[in-house]
Each structure stands twice: as structure tokens, then as C-alpha cells.
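A.B. asks: Pasting the sequence and the predicted coordinates here, then a few questions.
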Amino acid sequence: MVQFTLPANSKVVEGCIYQNKDQNILLKKLKIYRWDPEKQENPRLDTYEIDQKKCGPMVLDALIKIKDEIDTTLTFRRSCREGVCGSCAMNIDGINTLACIKPMNEIKNEIKVYPLPHMKVVKDLVPDLSEAYKQLESIKPWIEKDPETRNDKVHLKKRERKQTPENRAKLDGKWECILCFCCTTSCPSYWWNGDKYLGPAVLLQASRWINDTRDSRRKERLKEIDDSFKLYRCHSIMNCTQSCPKGLNPAKEIAEIKKAIVTEK
Amino acid sequence: MNDNRPLSPHLSIHKKILTAVFSIFHRLTGFGLSIGSIFIAGWIAMISLGPNYFIIFQSISSFFVFKIFLFIWTLGIFFHLFNGIRYLYWSFGIGMELKTINNSGYLVILLTILSTIIVWMTV
């Protein structure tokens, strides 16, 4: 359902300000979304002032510094700190990206940090991704073989499924996805129809398995996804492509799925 | 699970990206054009109803607000046309690279303005 405004319990209020009164510092202000499940309060926007001279270059460095030195209750996901795990996906300065590879210097004024948009918040910057993971499971992100070939004794002897370099190249631009859901949560169509529309990240994964030549269910996969809500809520808004921190192009891959459905019928 | 979980802010905090703005304007112009076409049809139909109605047609046509409406209508029709062609290309997966999506957007704006000016200079 389209609802442009936030529900009453989700409206963000002004929060605390943690000032930095040290001399001779390179001041950077961060405004961070906070919500504590143990308090019956609305989310708030806390302001933290840090010294950029004593902090690493990325937004994640600032978040870790704040958690270490100013406010230990600040909660966020992080792991690899180099853009390969997708844990620290959040909305920074209005665009979904990974905090670990977003330099603070790219943002001129104060840095506003929110959780991924239009998601249920578990705590602070941690969104609940369980629905998105269920949608990923629904497209069967694994190789499926025909039952005949699976039970084929000859086939069982030759278990290795080889792929030519040309066929492998068909997966380029798809396998690199780290499932951070930056794209899915930037999509207005997903905001309004997230319960039925699969969203760019899951559709990109669908395309990754549709185009895998070792899989024998291409036709069925295309048929399963040919649904006015699952696939066709994509209206080429292109927010996904412009927020992908790995530089992938989900919108284009979705267009290719639509094309394959029409041309291979 | 805690049912009291808030919904994270979306429309109000997300940057307005050019392609997204184009998308919503494509819908708005589509809606506006379909409603407006009923009125335009009525306006033109007055001519066929005979001399008595022609006076009404003329008085509406000379009305300044109507001219503004018609000008916006022209802008809308050309925007919807050129942006629609852009989307047609996208349906074939052409021109969807990050570099081209914004440039084709600017091209749509340019063509829309040029075409509108040409139409209004010739009538």
C-alpha cells in the first residue's frame, strides 16, 4: 500500500547533541538515527561531533569511533570493513551505500545516517531483513537439475559441472552482488509493494540463476517470475542502479529478464 | 518479535534522483494528459456543433488562463512522448548504463522545450 508519510510511532524527533569542545580540531558533525526497542519512545536523530584528524576516512570509521569513545549504545552491523560483506549497508546523505567504503570527505556538511529506508528497525541502524531473505529463498538461488539427469548413473559418475569461459561470462555483472539490499531499499516501487514485489536485489539474483548454463530450469524459472507483482512492479526508476555500491546494474538485468520472457515464449 | 518496531524513513530522507523524478513526472503527465484530452476533445467538438457554439469556442480560446493550460499541456505531451521513447529503448535494455541514463534525461528536457517552442511559434 502506498503511504507517503511515516506511521505515528516512526516519526523521527530531535535527539541529544554530543558536543566536542576540544581546540584545534577538524570538526565533523554526524546526525544518526537512533531507536531503542527497550524504551517506548519514538526514533530520534542524535548529533555527534568528532575530530576528523583522529578518525579514519570512511563513515564506518566515524561510527566505530563514536561507539568506542562517545556513546557505546550506538548499534550497527559491520564486518569486513572493505565492501565485500554488505553488512554496513545504510542510508548516508540520502543515498543507500556501504558505510565502510563511503568517504566522509564526499559529504560537505553534516553527515546524516539513517537505516535502509522503509524497513522495520530492530535497533538504531539495524533493519530487519528477514522478509527480503525469504523473497531471495523464493527464487531458489541454487543450481537445479532435471530429475532424469540427476538420477542418471552416468551423470553421477561425472559430478563436476563444467562451464565454458563464454558461458561463465554470462554471469558477469550478476555474481558480484553481495546482497546488501542497498538497491532494493532505494526502490520506491519496493517501498509501496514490498510484500509482493521481489525488488532489484532478488531479481538480480533470479537473473544470475536464470543465466547459469549449468542449471536446467531456465524456462521454469522465467515462468515462475512472470508475475505482474513479482517482476513487473519494476518501472525502471533506476534508483537501484544509482545506489549499488558494487557498481552493478540491477535495472538493466531486470529489463533483460522481461525481454527473455517475451522472446523465449 | 517486537511489533512496536518503527518503519525507517524513506521518501522524506532519500535523495531525489533525476531518473526517479522523470519516472514520477512520466506518470503525472500521463494522468494529466488523459484527463485533459477529454476537455480538449470537448473544446474542439464545439466547432462541429454549429455557429452558435462557435462563440463559446472563441471565448474559451481567447481566455488567458486557457492558453497557459494549453501551453502546459503541450509541454506535457512532448515530455511524455520523448520520455516514452526513452523507456521503449530501456525495454530493449539499450541505454541503461549509468553514464547514459542521465544524458538521455537531459536530451528529453531539451527536445521537450524545443518542440514546445516550435509548436507555439507556428500557431
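C.D. replies: Looks like it arrived, so ask away. Bear in mind that the values here come from a model prediction, so they are computed numbers and not experimental data.

A.B. asks: for the helix or strand of chain B with the lowest mean pLDDT, packing partners?
C.D. replies: Within chain B, no helix or strand scores below helix B:51-62, which has a mean of 86 by mean pLDDT, DSSP states H and E. The contact analysis (3 or more Cβ pairs under 8 Å, 6 or more residues apart in numbering or on different chains; DSSP states H and E) places helix B:51-62 against helix B:18-48. Where you see a C-beta, it was placed from the backbone N, CA and C, and this is true even at glycine.

A.B. asks: Run through the residues of chain B sitting next to chain A.
C.D. replies: B:2, B:4-15, B:17, B:19-20, B:23, B:87, B:90-93, B:96-98, B:101 (Cβ under 8 Å from any Cβ of the partner chain).

A.B. asks: So which of the residues you listed sit within helices?
C.D. replies: Counting by DSSP state H, the residues of chain B next to chain A place B:19-20, B:23, B:87, B:90-91, B:98, B:101 in helices.

A.B. asks: Distance-wise, check B:Gly95 relative to B:Leu88.
C.D. replies: Per Cβ to Cβ, to the nearest Å, B:Gly95 is found 10 Å from B:Leu88.

A.B. asks: Likewise for A:Lys162?
C.D. replies: Separation of A:Lys162 from B:Leu88 (Cβ to Cβ): 39 Å.

A.B. asks: for B:Leu107, same thing?
C.D. replies: Distance, B:Leu107 to B:Leu88, using Cβ to Cβ: 14 Å.

A.B. asks: before we move on, what about A:Glu106?
C.D. replies: 35 Å.

A.B. asks: Kindly report the same for B:Ile72.
C.D. replies: 24 Å.

A.B. asks: what's in contact with stretch A:169-176?
C.D. replies: For stretch A:169-176, contacts defined as Cβ atoms under 8 Å, 6 or more residues apart in numbering or on different chains pick out A:204-205, A:207-208, A:211-213, A:246, A:248-249, A:253.

A.B. asks: And the furthest pair within these?
C.D. replies: A:Thr213 and A:Lys246 (23.2 Å; Cβ to Cβ).

A.B. asks: low pLDDT regions in the chain?
C.D. replies: By default, I'm working from chain A. Confidence mapping of chain A against pLDDT under 70 gives the ranges A:1, A:147-159.

A.B. asks: I was thinking of chain B, sorry if that wasn't clear
C.D. replies: B:1-2.

A.B. asks: wouldn't B:Phe22 be in contact with B:Tyr106 here?
C.D. replies: No: taking contacts as Cβ atoms under 8 Å, B:Phe22 lies outside contact range of B:Tyr106: 10.3 Å.

A.B. asks: more neighbours, the two?
C.D. replies: The neighbour comparison of B:Phe22 against B:Tyr106 (other Cβ atoms under 10 Å in any protein chain shown) goes to B:Phe22, with 22 against 10.

A.B. asks: Next, the contact list for the more buried one, please.
C.D. replies: For B:Phe22, the contact set (Cβ under 8 Å, 6+ apart) comprises B:83, B:105, B:108.

A.B. asks: 6 Å - rerun?
C.D. replies: B:Gly105 (Cβ atoms under 6 Å, 6 or more residues apart in numbering or on different chains).

A.B. asks: Next one: it from B:His14, what distance?
C.D. replies: 16 Å.

A.B. asks: Pick out the residue in the stretch 51-200 of chain A sitting closest to chain B.
C.D. replies: In the stretch 51-200 of chain A, the residue that lies nearest chain B is A:Gly94 (3.4 Å; Cβ to the nearest Cβ).

A.B. asks: I'd guessed that residue sits against B:Ser12; true?
C.D. replies: No: at 10.1 Å, A:Gly94 does not count as touching B:Ser12 under the criterion of Cβ atoms under 6 Å.

A.B. asks: Among these two, which residue is more densely surrounded?
C.D. replies: A:Gly94 (16 against 12).

A.B. asks: Could you check how far that one is from A:Lys246?
C.D. replies: From A:Gly94 to A:Lys246 the distance is 19 Å (Cβ to Cβ).

A.B. asks: So which residues make contact with the helix or strand hosting A:Ala251?
C.D. replies: Element membership for A:Ala251 (DSSP states H and E) is helix A:250-263. If you take Cβ under 6 Å, 6+ apart as the criterion, helix A:250-263 is touched by A:183, A:200, A:203-204, A:207, A:222, A:226, A:234, A:236, A:238, A:240-241, B:93, B:96.

A.B. asks: go on, stretch B:68-85?
C.D. replies: Counting by Cβ under 6 Å, 6+ apart, residues outside stretch B:68-85 touching it are B:26, B:29-30, B:32-33, B:36, B:108, B:111-112, B:115-116, B:119.

A.B. asks: How about stretch A:34-49?
C.D. replies: A:11-13, A:15-20, A:27, A:29-32, A:66, A:70, A:121, A:123-124, B:2, B:6.

A.B. asks: From start to finish, how long is that stretch in a straight line?
C.D. replies: 16 Å (Cα to Cα, to the nearest Å).

A.B. asks: Give me the subset of the contacts of stretch A:34-49 lying in strands.
C.D. replies: Counting by DSSP state E, these place A:13, A:15-18, A:27, A:29-32, A:121, A:123 in strands.
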